[in-house]
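1. fold the stuff below for me.
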Amino acid sequence: MKFRIESTGHKLSPSLKEVATLKLSTLNKYYKDIQEIEVTLTHEVKGAKEVVNCTLNIRVPGKDEYIKATSTIFEDAILKAAEAAKRRLRIRKTQLQTARKKKTPNRKVSAKKAMK
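-> Numbers count the residues shown, from 1 in each chain. Purely as a prediction, here's the structure:
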């Protein structure tokens, strides 16, 4: 799994990159086929409030997952995005598992059908 961490408007500290890679590397437990995670951090000033946006683009086979989280602190925005990604990947995994179960033929054969 590769990480691409970028920030617009300011330079990222090594400790912030480490926090992002550490928290997002745990997503591999919930979905094994993650190829790359793109993390984009933006810092905005809206009126008197400062807002940090964290967007995750998770590249997986099929359709990519896109998650966005906001907070006032960089680390908190990363944690919120990681939790949302965990929920989304778990949903995706269960959807794929149920789709696989529906595609497989039913192996149980009733006694009447076996006699014919």
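2. any idea how far apart the tips of stretch 29-41 sit?
-> 24 Å (C-alpha to C-alpha, to the nearest Å).
3. gap between it and the chain center?
-> In terms of C-alpha atoms, centre = their mean, to the nearest Å, the centre of stretch 29-41 is set 6 Å apart from its chain centre.
4. pull out the buried positions in that stretch.
-> Within stretch 29-41, the residues that count as buried by 16 or more other C-beta atoms under 10 Å are Y30, Y31, I34, I37, E38, V39, L41. C-beta here means a position set from N, CA and C on the backbone, and glycine is covered the same way.
5. can you map out the helices along this structure?
-> 14-24, 74-103, 111-115 (DSSP state H).
6. would CSV of those helices with mean pLDDT be doable?
-> Formatted as CSV, these follow (pLDDT from 0 to 100):
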stretch, mean pLDDT
helix 14-24, 93
helix 74-103, 90
helix 111-115, 50
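7. would you reformat the ones you listed as a markdown table and include mean neighbour count and distance to K2?
-> Formatted as a markdown table, these follow (neighbours: other C-beta atoms under 10 Å; distance: least, C-beta to C-beta, whole Å):
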| stretch | mean neighbour count | distance to K2 |
| --- | --- | --- |
| helix 14-24 | 15 | 10 |
| helix 74-103 | 15 | 15 |
| helix 111-115 | 7 | 51 |
